[in-house]
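Visitor: need the 3D shape of this:
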Amino acid sequence: MKGDLFSSEHMVQPAVEPGMSVENAKCVKYAVNGEMYARQGAMVAYRGDLKFERKGQGVGGMLKRAVTGEGLPLMAVRGQGEAWFAHEAQNCFIVEVEAGDQFTVNGRNVLCFDASLSYEIKTVKGSGIAGGGLFNSVFTGQGRLGLVCEGNPLVIPVSAQFPVYVDTDAVVGWTAHLQTSLHRSQSIGSMLRGGSGEAVQLMLQGEGFVVVRPSELTPQKAQQH
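Guide: Residues are numbered from 1 along each chain as shown. The predicted model follows:
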């Protein structure tokens, strides 16, 4: 069989070591040797002796079902083999979480992660009901976290001198030690008169980085997620 489709650009190669790697811009490969976690429905192919288990929150070491504001459930992948994960042809990226660090990420951007990482679902401080009741997953421990994003994300440094204001539908995540609060950029009178621009943003202060998708989440996409 010949043709561009069968060139080395598209042909997958055997994994050289266990764990997560970027297969291409739209897909993450995970060489499983034990256990890992992934977004339900994100597996597009696998080979080897792997079992996929959907778990609800419970006791006895069962995988808790991480439900964010977008309703993201997770699954456990166990065994030995290779699995490929993707979501709606979005761009894929890997974050290395180091011991003692933490990374807060919007649930809709989580693709897969190492079992060595712990996560907790938290309400974003300062968002409240007015901010849409933002729920994010806070990852701690040491390991790799696979993310998806529509387009190439922007990584914006945050400093004490220069806080960053982000549209709540565009934020992907941020590093530890950043404080969040709501910021209103317009007065009520301006909005009633039909003023343009965003009324409310998430303000991040401190020292770190915030990751932003290069467009707002449309209402149709919000329902799908």
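Visitor: tell me the confidence at residue 56?
Guide: In this prediction, residue 56 carries a pLDDT score of 54.
Visitor: oh, that last question was meant for residue 131, not what I typed.
Guide: So, for residue 131, pLDDT stands at 41.
Visitor: residue 160: which element?
Guide: Under DSSP states H and E, no helix or strand contains residue 160.
Visitor: any idea how far it is from residue 204?
Guide: Residue 160 sits 11 Å away from residue 204, taking C-beta to C-beta, to the nearest Å as the criterion. In this view, the C-beta of every residue, glycine as well, is placed from N, C-alpha and C.
Visitor: more crowded one of those two?
Guide: Legend: neighbour count by other C-beta atoms under 10 Å for residue 160 and residue 204, higher for residue 204 (23 against 8).
Visitor: list the contacts for the more buried one?
Guide: 158, 163-166, 174, 178-180, 210 (C-beta atoms under 8 Å, 6 or more residues apart in numbering).
Visitor: top of the residues you listed by number of neighbours, please.
Guide: Going by other C-beta under 10 Å, residue 174 tops the contacts of residue 204 with 28 neighbours.
Visitor: quick one: that one from residue 136, how far?
Guide: For residue 174, the distance to residue 136 - C-beta to C-beta - is 9 Å.
Visitor: and residue 92, by the same measure?
Guide: In terms of C-beta to C-beta, residue 92 sits 19 Å off from residue 136.
Visitor: cool, and residue 84?
Guide: 26 Å.
Visitor: compare these two and say which is more crowded by neighbours.
Guide: Between residue 84 and residue 136, counted using other C-beta under 10 Å, residue 136 has the larger neighbour count: 26 against 17.
Visitor: I'd like the next helix or strand past the strand or helix carrying that one.
Guide: Using DSSP H and E, residue 136 sits within strand 135-141. Counting by DSSP H and E, the next helix or strand C-terminal to strand 135-141 is strand 143-149.
Visitor: in the protein, which spans are helices?
Guide: With DSSP state H as the criterion, the chain has helices at 188-192, 219-224.
Visitor: how many neighbouring residues does residue 4 have?
Guide: Residues within reach of residue 4, counting by other C-beta under 10 Å, total 7.
Visitor: err, residue 211, not the other one
Guide: Residues near residue 211, counting by other C-beta under 10 Å: 24.
Visitor: chain neighbours aside, what residue packs nearest to it?
Guide: Closest residue to residue 211 apart from its sequence neighbours, by C-beta to C-beta, 6 or more residues apart in numbering: residue 172 at 4.1 Å.
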